[in-house]
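1. Take a look and give me a structure for this.
(one chain, ligands or ions: 1)
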Amino acid sequence: MVDTGLLHRAEYLPNLEKMRQMGVEEWVKYEEERWRCSQCGVPLSWYDAKCVRCGEPRSERLFPLTNDRSAADQ
Ligand SMILES: [Zn+2]
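-> This next block holds a predicted model:
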């Protein structure tokens, strides 16, 4: 009996692999840093296309703001 469910999951959640490699605590810090405004340091949420305080656009390095991605997430 082949467990294909695990393979599926690994592809679906690539972050899990990174989390495992870094360790959860390091990964959380990394994610927090990643989601800060590069200008004023305010934490950004997934839904913020730009900083709520200074209006600096969210870094393209996080996730490209494409319609394709949001459509795929629905
Ligand atoms: Zn800002």
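2. going forward, measure contacts between C-alpha atoms and count neighbours the same way
-> Will do.
3. what's the spacing between Q39 and the ion?
-> 5 Å (Cα to the ion, to the nearest Å).
4. how near is that residue to E31?
-> 17 Å (Cα to Cα, to the nearest Å).
5. again, but for C40
-> Distance of C40 to E31, computed by Cα to Cα: 17 Å.
6. One more: E56?
-> Using Cα to Cα, E56 is found at 19 Å from E31.
7. Check N15 too.
-> In terms of Cα to Cα, N15 sits 11 Å off from E31.
8. Secondary structure class of K18, three-state.
-> At K18, secondary structure determined by DSSP: H, G, I helix; E, B strand; the rest coil is helix.
9. Can you get me a residue count around it?
-> Neighbour count for K18, taken as other Cα atoms under 10 Å: 12.
10. Contact partners for it?
-> Taking Cα atoms under 8 Å, 6 or more residues apart in numbering as the contact definition, K18 lies against W27.
11. wait, what's in contact with V24?
-> For V24, the contact set (Cα under 8 Å, 6+ apart) is empty.
12. which bits of this structure sit near the ion?
-> Counting by Cα under 5 Å from the ion, the chain comes close to the ion at 37, 39-40, 51, 54.
13. change it to 6 Å
-> 37, 39-42, 51, 53-56 (Cα under 6 Å from the ion).
14. Reformat these as JSON lines; add secondary structure and pLDDT.
-> Below are the residues of the chain next to the ion laid out as JSON lines (DSSP: H, G, I helix; E, B strand; the rest coil; pLDDT from 0 to 100):
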{"residue": "C37", "secondary structure": "coil", "pLDDT": "90"}
{"residue": "Q39", "secondary structure": "coil", "pLDDT": "91"}
{"residue": "C40", "secondary structure": "coil", "pLDDT": "94"}
{"residue": "G41", "secondary structure": "coil", "pLDDT": "91"}
{"residue": "V42", "secondary structure": "coil", "pLDDT": "91"}
{"residue": "C51", "secondary structure": "coil", "pLDDT": "93"}
{"residue": "R53", "secondary structure": "coil", "pLDDT": "95"}
{"residue": "C54", "secondary structure": "coil", "pLDDT": "96"}
{"residue": "G55", "secondary structure": "coil", "pLDDT": "94"}
{"residue": "E56", "secondary structure": "coil", "pLDDT": "91"}
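15. With that, I have no additional questions.
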